[in-house]
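**Student:** I'll drop the sequence and a predicted model, then ask my questions.
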Amino acid sequence: MDENKLVSLLKEDSNRDHRKIGKKLKFFIFSDRVGTGLPLWLPRGTIFRKNLEEFLTEVQKKYGYEMVVTPHIGHKKLYIKSGHWDKYGENHFNPICTPRREEEFLLKPMNCPHHCEIYRSQEWSYRDLPKRFSEFGTVYRYEKSGELHGLTRVRCFTQDDAHIFCTYDQLLEELKKVVNLFFYVFSSLGFSDYSIRVSLRDPKKKDDYIGSKKNWEKAEKALLEIVKKENIKASVNYGDAAFYGPKLDFLIQDSLGRNWQLGTIQVDYNLPERFDLYYKGKNNEKCRPVMIHRAPFGSLERMIAIMIEHTEGNLPLWLVPNQVVILPISDKYVVYAKKILNLMLSYNIRVFLDNRNEKINKKIRDSEDKKIPYMIILGKKEEKNKMMSLRRHGLGHIGIFSISNGIESILNETKLKK
């Protein structure tokens, strides 16, 4: 690569660093007193997170998911049962001891064992399936300090986790629905370039996986079949499967051409066996369900980091914490500004009033630095004619609008999720 081009890319990479932008826009901070790898979400960053959660929740409702909530801790024996303790014990936080010495709990390192217990809590018929349980579940993993990096590698993160329990005959249709959900989510967030990888077990490392050869063959066959059936372009990679099942990994490309692994879909025949999950078949016989693990974001933290760098902090209007700022030229126009403020709030527009004792040019510069999409400038002409002067971040003045037309224009843009 040309040296000048490399320097330019490195500079652009630095300018888009989510740690710098996140701090500047007051999305999140880290504190040594709290602990390394443990982000603290500020009010503006919390709005960003909640908007992502609400978006995915609404999408999932259309696909028949039911929300559940599980504890932040679990008994150590739960993770021994699932196999996670034996596989990843060194990455768990040390067990928490209770006053009863024989009891040991872990900070929850993953959600799937908890969801297995929810499924197991009642009897199911084949008529009840598939069951789709989803959760924004916070998990804790003791990543080595040298591997921590902003929000992309932390010790506490929230997974957009879901587990589908279905019959063997339903498996391919459920996989198709999950893949379509992933495509919709990525396109809605502005990612049009991505690649897919089928991650299978390494046959030379049998001890790295749990379960029978038969179960693995069925799970791998299902993933390869859905890729072929849906004409999905995918590479095959041996050795990157989860320890309990093969998976589809989705790698998205950002505006700098960097690839990030985000979503994953896993087919699992093994945890249903370990947890003795079943449903009653057509002849009232006990049948084992198939389990699909899926998370389009992977984690909220990682998705937010990638979105900040992809957009350089210029988030889509429907996601950004502050959509509009109202800037009166002087105190004379604050009353008029408050009328527009209250009207916009009634339309659920995220708007605030900047009535600091500063010159208007200073207010505009500050709003540009904060990457606030819309600025409403109000002075004598605007108040007299019941109008608003509208500016767009990065574009400058875009016109004079009536109050109703200005609000309508902003509302229309918030609906531009694909």
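**Tutor:** Here it is on my side, so go on. Residues are numbered from 1 along each chain as shown.

**Student:** tell me which stretches of the stretch 1-150 of the chain form helices.
**Tutor:** 3-15, 18-24, 43-62, 76-82, 84-88, 112-120 (DSSP state H, counting those that start in this stretch).

**Student:** so how far is the last one from its chain's centroid?
**Tutor:** The one in question is helix 112-120. Chain-centre distance of helix 112-120: 22 Å, with Cα atoms, centre = their mean, to the nearest Å.

**Student:** follow-up on the earlier one: go through the helices of the stretch 1-150 of the chain and name the closest to His163.
**Tutor:** helix 112-120 (4.3 Å; Cβ to Cβ). (C-beta placed from N, C-alpha, C; glycine too.)

**Student:** ok, and what's touching the closest one?
**Tutor:** 68, 70-71, 74, 78-79, 81-82, 84, 108, 131, 133, 135, 137, 161, 163, 165, 271-272, 275-277, 289, 291, 293 (Cβ atoms under 8 Å, 6 or more residues apart in numbering).

**Student:** Glu368 contacts Gly396, correct?
**Tutor:** No - using Cβ atoms under 8 Å, Glu368 is not in contact with Gly396; the gap is 9.5 Å.

**Student:** looking at the two, which is more packed in?
**Tutor:** Set Glu368 next to Gly396 and count neighbours by other Cβ atoms under 10 Å: Glu368 wins out with 14 against 10.

**Student:** so what's that one up against?
**Tutor:** His393, Gly394.

**Student:** how close does it sit to Arg356?
**Tutor:** When distance is defined by Cβ to Cβ, to the nearest Å, Glu368 is 15 Å away from Arg356.

**Student:** which residue packs closest to Lys23, ignoring adjacent ones?
**Tutor:** Leaving aside its chain neighbours, Lys23 sits nearest to Ile29 (6.8 Å; criterion: Cβ to Cβ, 6 or more residues apart in numbering).

**Student:** what number of residues lie near the one you found?
**Tutor:** Neighbours around Ile29, by other Cβ under 10 Å: 13.

**Student:** from now on call the first residue 57
**Tutor:** I'll keep to 57 as the first residue from here, and by that count the last item is Ile85.

**Student:** what are the bridge partners for it, then?
**Tutor:** Leu96 (DSSP bridges).

**Student:** how much space between it and Arg75?
**Tutor:** 10 Å.

**Student:** quick one: low-confidence parts of this structure?
**Tutor:** Counting by pLDDT under 70, the low-confidence segments of the chain come to 57-69, 472-474.
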